[in-house]
Every structure is written in structure tokens, then in C-alpha cells.
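Undergrad: Next comes the sequence, and after it the predicted model I'd like to discuss.
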Amino acid sequence: MKILVINGPNLNMLGIREPDVYGRETLKDIEKKLWKKAQQMEVQISFFQSNSEGEMIDKIHDSYGKMDGIIMNPGAYSHYSIAIRDAIKSVNIKTVEVHISNVFAREEMRANLVTAPASHGVISGFGSYGYLMALDALVNGGK
Ligand code: DQA
């Protein structure tokens, strides 16, 4: 099984960015944890981060026929990128959307997730552990 982890805008700043909201771990720290868990689960995992909507869409398209699952934190694009939602719909790859923070407990604008309906499910509010939950969910959860 092959899984791709996509992180969107500003997630390269984890560790520095609003640590009271997102914690002190860097994206590298999170990717290391995911890599370790994937090894234990005998899953092949790869990572991609971009601040650009178009690059994220290209990566999603490129996953067609190559990946069995996607874990994606679209960052702020979650709240307005219909293009990313359409890209996920286009490739028909089981996707779990992850948010480090609980987007429903923050500013009202964050409660609207336009990308989420294209995903199999959403995990929000469990910090970086949400990515590990998503890996578990992709491999073992749902239909
Ligand atoms: C986020 C939540 C978004 O609202 C925000 O724009 C982010 C991070 C999260 O992981 O909690 O960049 O997706």
C-alpha cells in the first residue's frame, strides 16, 4: 500500500508558527513519526509540502494510479479551494483530511471546510497525532 502525505500552505512553518495553536513540533518531526509508523505497518509513505495551490493540485493528479491513499492538510485552502476539492474528486483516491487544530472551535471562517466533502473523513483537533490517526484510518478504517 502506498500513501502520500500532502501539507499545504504555512505548514512548513510548524514549530515556529503559533505554537500555542499548532504545537512545537516541526513538519520534519511529524514526517519522521509517520515514516516510523508506516514502516511498522508495512506501508510505503511519501511526503509533499507546498505553499502553492497549483502545485498541490499537480501532485494530487500525479498520484492517480500510483497512490492508494492520501493524507492531506490543505491548510487555509481548506476553507476556499474548490479546485483542491475537485482534484481529490478527480483522482478517486481514498483521502483523509487532517487539521492539527480543532477548526470548529476557532474563528467562524475556519468551520467551513470546502475541501472536506471530497475526503473519506476528517480528523481535526488532535494535534500532530491526527496524522497518525489518519494513517491508521486509511489502512484499517471504513469501506
Ligand atoms: C489548519 C487549520 C487552518 O484553518 C489553517 O489555515 C492552517 C492549519 C490546521 O492544521 O489546524 O493552516 O489546517
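TA: That came in fine, so what should we check first? Small disclaimer: the values here were computed from a predicted structure and weren't measured.
Undergrad: alpha carbons only for contacts and neighbour counts from here, please
TA: Noted.
Undergrad: Send me stretch 28-41 as PDB with only the CA atoms.
TA: Extracted in PDB, the C-alpha atoms of stretch 28-41 (Å, rounded to 0.1, in the frame of the first residue of the first chain):
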ATOM      1  CA  LYS A  28      10.000  17.100   9.700                       C
ATOM      2  CA  ASP A  29       9.300  15.800  13.300                       C
ATOM      3  CA  ILE A  30       5.800  14.800  12.200                       C
ATOM      4  CA  GLU A  31       7.000  13.200   9.000                       C
ATOM      5  CA  LYS A  32       9.600  11.200  10.900                       C
ATOM      6  CA  LYS A  33       6.800   9.800  13.200                       C
ATOM      7  CA  LEU A  34       4.700   9.000  10.200                       C
ATOM      8  CA  TRP A  35       7.500   7.300   8.500                       C
ATOM      9  CA  LYS A  36       8.200   5.100  11.600                       C
ATOM     10  CA  LYS A  37       4.600   4.100  11.900                       C
ATOM     11  CA  ALA A  38       4.300   3.400   8.200                       C
ATOM     12  CA  GLN A  39       7.400   1.100   8.500                       C
ATOM     13  CA  GLN A  40       5.700  -0.800  11.300                       C
ATOM     14  CA  MET A  41       2.500  -1.100   9.200                       C
END
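Undergrad: Return the set of buried residues in that stretch.
TA: 31, 33-35, 37-38 (16 or more other C-alpha atoms under 10 Å).
Undergrad: from those residues, which is closest to the ligand?
TA: For the buried residues of stretch 28-41, the residue nearest the ligand by C-alpha to the nearest ligand atom is residue 31; the value is 14.3 Å.
Undergrad: quick revisit: switch the buried residues of stretch 28-41 over to TSV; also include secondary structure and distance to residue 84.
TA: What follows is those, written out as TSV (DSSP: H, G, I helix; E, B strand; the rest coil; distance: C-alpha to C-alpha, whole Å):
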residue	secondary structure	distance to residue 84
31	helix	22
33	helix	26
34	helix	23
35	helix	25
37	helix	27
38	helix	25
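Undergrad: Many thanks, we can stop here.
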